[in-house]
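[1] Just a sequence and a predicted model for now, questions to come.
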Amino acid sequence: MRYKVGKHNLKSNGIPVYYFYDSGGTTHICGIGCRVGSVHDPTHALGMAHLVEHVLFRGKPQDAEGDPVYDMIFRYFGGMEDHNIFTTETVTYYGGPGLYLRRYIHEVMPVIRDILIGRYVDRRAVDIEKTVVNNEYRQTDVDDPDSVMNSLFYETMYDTNPVRNGIIGDVEQLKGQTTADIKKFIAQKYVAENMFVLVFGPNKSESVEIAKKYVDEWSFHGSPVTLDVAAFD
């Protein structure tokens, strides 16, 4: 099979939709991403992009029985170990990997959309996720040999390139970040100019319609992220 990913920019807000048509009908992948990763972290808050991902994906606390975020993770993603929510050096992505049925796209996408548009952040969530990130740091950056070697490689190879800082960043710096700091980061970075939608499986027209349905009303606008790459080694 030859894989060819297409791109279509929504007329309403310019958000690009990446699509891949699987004529066999076995590919069902969807998600919403932000072109913001660890290289865009503030120098005084290394790891902010990753912390924001953790805080945002908690969603809004539910009074009624059942949490739509975790219900979605366990029903459609196969559990916590297999869900496809992550931060890289350049991207933060919230999505569904390998959904069993195409109709699940319409059950996963509104939850992700509501989380990212709702932007719910409170002090309790921030405190909890700071602890989670600290544990993640201990389990990977400190205790995992491959992660330690990878960090040493980047720190040795680069002096000024921000990839040397790592995705988890500096947990001591993150301890001082407030809910206001996190909300400011979201307001500046999670704008249409940095967002994208991924819909794999349906044909182009269906993929674009799916994207329109869930992000056409994305009203947050701002400046796209930039990097002074000329200043990096």
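    On my side now, so go ahead.
[2] going forward, measure contacts between C-alpha atoms and count neighbours the same way
    OK.
[3] Tell me if I'm right that G37 and H50 touch.
    Yes: look at G37 against H50 with C-alpha atoms under 8 Å: they come within range, at 7.4 Å.
[4] Residues that sit against both of these two, list them.
    Common contacts of G37 and H50 (C-alpha atoms under 8 Å, 6 or more residues apart in numbering): T87, T92, I167.
[5] just these now: which is nearest G14?
    T92 (18.5 Å; C-alpha to C-alpha).
[6] these two touch, right, the closest one and A49?
    Yes: taking contacts as C-alpha under 8 Å, T92 lies within contact range of A49: 7.5 Å.
[7] Would you map the strands across the chain?
    6-9, 16-21, 29-34, 84-87, 92-96, 195-201 (DSSP state E).
[8] residues touching F57, list them.
    V69, I115, L116.
[9] 10 Å - rerun?
    Counting by C-alpha atoms under 10 Å, 6 or more residues apart in numbering, F57 makes contact with V69, Y70, I85, Y94, V111, I112, I115, L116, R119, Y120, V121.
[10] Please name the bridge partners of the third one.
    This means I85. Beta-bridge pairing for I85 (DSSP bridges): Y94.
[11] and the worst-scoring helix or strand of the chain on mean pLDDT, what other elements does it pack with?
    Counting by mean pLDDT, DSSP states H and E, the chain has its least confident helix or strand at helix 68-76, which shows a mean of 78. In terms of contacts (3 or more C-alpha pairs under 10 Å, 6 or more residues apart in numbering; DSSP states H and E), helix 68-76 is packed against strand 92-96, helix 105-118.
[12] and the angle for the first one with strand 195-201?
    Orientation note: strand 92-96 sits at an angle of 30 degrees relative to strand 195-201 (axes from the mean of the first three to the mean of the last three C-alpha atoms, to 10 degrees).
[13] tell me the pLDDT at the residue lying closest to V199 once chain neighbours are set aside?
    Excluding the flanking residues, the one nearest V199 by C-alpha to C-alpha, 6 or more residues apart in numbering is C30, at 4.5 Å. At C30, the model reports a pLDDT of 95.
[14] I figured C30 was touching R103, is that so?
    No: in this structure, C30 is not within contact of R103 by C-alpha atoms under 10 Å, at 11.1 Å.
[15] Pick out whichever of the two has more residues nearby.
    Taking other C-alpha atoms under 10 Å, C30 and R103 do not tie; C30 has more neighbours (30 against 10).
[16] what is that one paired to in the beta sheet?
    Bridge pairing for C30 - DSSP bridges - gives G96, V199.
[17] which residues does it contact?
    18-19, 84, 94-99, 102, 104-106, 108-109, 112, 197-201, 207, 210-211.
[18] which of the residues you listed count as buried?
    Among those, those classed as buried by 16 or more other C-alpha atoms under 10 Å are 18-19, 84, 94-99, 102, 104-105, 108-109, 112, 197-201, 207, 210-211.
[19] hmm, back to that, which one, of the strands of the chain, ends up nearest to Q173?
    Going by C-alpha to C-alpha, the one of the strands of the chain nearest Q173 is strand 84-87, 18.1 Å.
[20] Could you give the number of residues near F74?
    14.
[21] Correct me if wrong: it contacts G96.
    No: between F74 and G96 there is no contact under C-alpha under 10 Å: 11.2 Å.
[22] burial of the closest residue to E193 other than its chain neighbours, as a residue count?
    Counting by C-alpha to C-alpha, 6+ apart, E193 lies nearest to P224, which is 5.1 Å off, once chain neighbours are set aside. By other C-alpha under 10 Å, the residues close to P224 number 15.
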